[in-house]
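In: Quick one, structure for this:
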Amino acid sequence: MADSAYAPGIASAASVRPTTPRHSAIVRLTHWTTTLCFFALLVSGIELIISHPRFYWGEEGNNLTPSLFDIPIPASRGAVKTGYNYVLPDQNGWSRYLHFQTAWLLLFTGLLYGIHGLLSRHFVKNLLPSAGDRSMRALLESIRAHLGSNQLSRQQTESYNLLQRLAYLAVIFILFPGMVWTGLAMSPAFTAGFPWIVDVLGGFQSARTIHFFLTLTLVAFVAVHIAMIFLSGFRIHMRAMITGQPETNEEKS
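Out: Below you'll find the model as predicted:
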């Protein structure tokens, strides 16, 4: 990121607005595509849960077998006994179609982001913690920065602190691949050719249960992510992710 001194009285565009984008075009494109896909998958996934709000472990699980745990809501299918004397409207058709189509779009978006991150060294330069960051003290300082003043939070618009780096790395390299893996493990067409995908997870129902908990973790991450954007400067962060333009020198002063 360009870092030039601002001299009063000199109306130089370069001295007021850095020229290097905060986020590259590929990062911005994949970020907003992922955002739309995430909410589409969340809405359609909720509808799929409503059709059968019971979770199991292993390969088999149905209305006649004991569940691992239940979501305490009415189902959208009368055959699923949830203890309520009514059922919700069944939206299983469009929700399955939307979930399936959006999942493939998200997968290709993730591949594009991953290839870009490797070729441009985005992961190494912006996300991989440096040697000085790999300590408990650095992690505590990152947490303190998140809970501290607005001035400390605004410094995060220039670079990610350790807590942010660890969170993003966990999402990109653990949660996202886990969602893809468990999603594919629930596809009969895919597991017919690659049965080990579901076998290592313990079965179809185990994959569905793991998929559910990974979703809850991602929802928690998104909630915290959105809260931090509002707390540390909504306009600055949104502009950086829409146009790529970083914080100006006037805004820093």
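In: rest of the way, CA atoms for contacts and neighbours
Out: OK.
In: Now for the closest residue to Tyr84 other than its chain neighbours: which residues touch it?
Out: Closest residue in space to Tyr84, ignoring its immediate chain neighbours: Pro74 at 5.8 Å, by C-alpha to C-alpha, 6 or more residues apart in numbering. Residues in contact with Pro74 (C-alpha atoms under 8 Å, 6 or more residues apart in numbering) are Ile50, Pro53, Thr82, Gly83, Tyr84, Tyr86, Val87, Leu88.
In: measure Pro74 to Phe213 for me?
Out: 20 Å (C-alpha to C-alpha, to the nearest Å).
In: cool, Gly183 as well?
Out: 12 Å.
In: These two: which is more packed in?
Out: Gly183 (19 against 12; other C-alpha atoms under 10 Å).
In: what about Asn63, how many residues close to it?
Out: Asn63, neighbours per other C-alpha under 10 Å, totals 12.
In: Can you tell me the element the residue nearest to the spatial centre of the chain falls in?
Out: With distances taken as C-alpha atoms, centre = their mean, Leu218 lies nearest the centre of the chain, 5.4 Å away. Leu218 is part of helix 204-242 when elements are defined by DSSP states H and E.
In: That helix: which residues count as buried?
Out: Within helix 204-242, the residues scored as buried using 16 or more other C-alpha atoms under 10 Å are 204-212, 214-215, 218, 228-229, 232, 236-237, 240-241.
In: I figured Ser24 hits Gly244, correct?
Out: Yes. Counting by C-alpha atoms under 8 Å, Gly244 is a contact partner of Ser24 at 6.5 Å.
In: contacting residues around the residue nearest to Ala25 when sequence neighbours are not counted?
Out: In this structure, Ala25 finds its nearest non-sequential neighbour in Gly244, 7.2 Å apart by C-alpha to C-alpha, 6+ apart. For Gly244, the contacting residues are Pro21, Arg22, His23, Ser24, Ala25, Arg28, by C-alpha under 8 Å, 6+ apart.
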